[in-house]
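Engineer: sequence and computational prediction follow.
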Amino acid sequence: MAGPVINRPDVVAEVTAAFERYEHALVTNDVAVLDELFWNSPHTIRYGVGEQLYGYDDIAAFRAARPSAGLARTVHRTVITTFGEDMATTNLEFVRNGKLGRQSQTWMRLPEGWRVISAHVSLTAGA
């Protein structure tokens, strides 16, 4: 039995565009776009550096209350992997304020487009 096609170029291009839109919105604090790109569902999860958010409403409330200063970061490595036409993961390493961080997201194609259904952000001890 054959599994899903991994990294079909057209699907990778779609996810890359959605991911780049997310990254731009993140560092410019475009809350409307950030909210748009998360799946509007109670099943969506985002674990942050200091918060555990369960459901779209928790994530949107966090975004609305988050300070908008100091969001710039330098991305060092990004890995995007797609599985068939409708699922993908994005993983990256970044540096913000001298601290090394990691971000992972699971994306799903929905009728309204690609959406993050699960996300995790963490910082490491090293720089």
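Structural biologist: Received, thanks.

Engineer: work out for me the element the residue nearest the centre of the chain sits within.
Structural biologist: Residue closest to the average C-alpha location in the chain (Cα atoms, centre = their mean): residue 105, at 4.5 Å. Here residue 105 sits within strand 99-110, counting by DSSP states H and E.

Engineer: neighbours around residue 69, how many?
Structural biologist: Applying other Cβ atoms under 10 Å, we find 7 other residues in the vicinity of residue 69. (C-beta placed from N, C-alpha, C; glycine too.)

Engineer: run through the residues that contact it.
Structural biologist: If a contact means Cβ atoms under 8 Å, 6 or more residues apart in numbering, then residue 69 has no contacts.

Engineer: next, give phi and psi for residue 27.
Structural biologist: phi -80, psi -20 (degrees, to the nearest 10).

Engineer: next, count neighbours for it.
Structural biologist: There are 13 residues near residue 27, going by other Cβ under 10 Å.

Engineer: separation between it and residue 81?
Structural biologist: Distance of residue 27 to residue 81, computed by Cβ to Cβ, to the nearest Å: 23 Å.

Engineer: ok, now residue 56?
Structural biologist: Per Cβ to Cβ, residue 56 is found 24 Å from residue 81.

Engineer: equivalent analysis for residue 121, please.
Structural biologist: The spacing between residue 121 and residue 81, counted by Cβ to Cβ, is 18 Å.

Engineer: straight-line length of stretch 81-98, end to end?
Structural biologist: 28 Å (Cα to Cα, to the nearest Å).

Engineer: buried ones in it, by neighbour count?
Structural biologist: Residues of stretch 81-98 classed as buried: 82, 83, 87, 88, 90, 92, 94, 96 (neighbour count, 16 or more other Cβ atoms under 10 Å).
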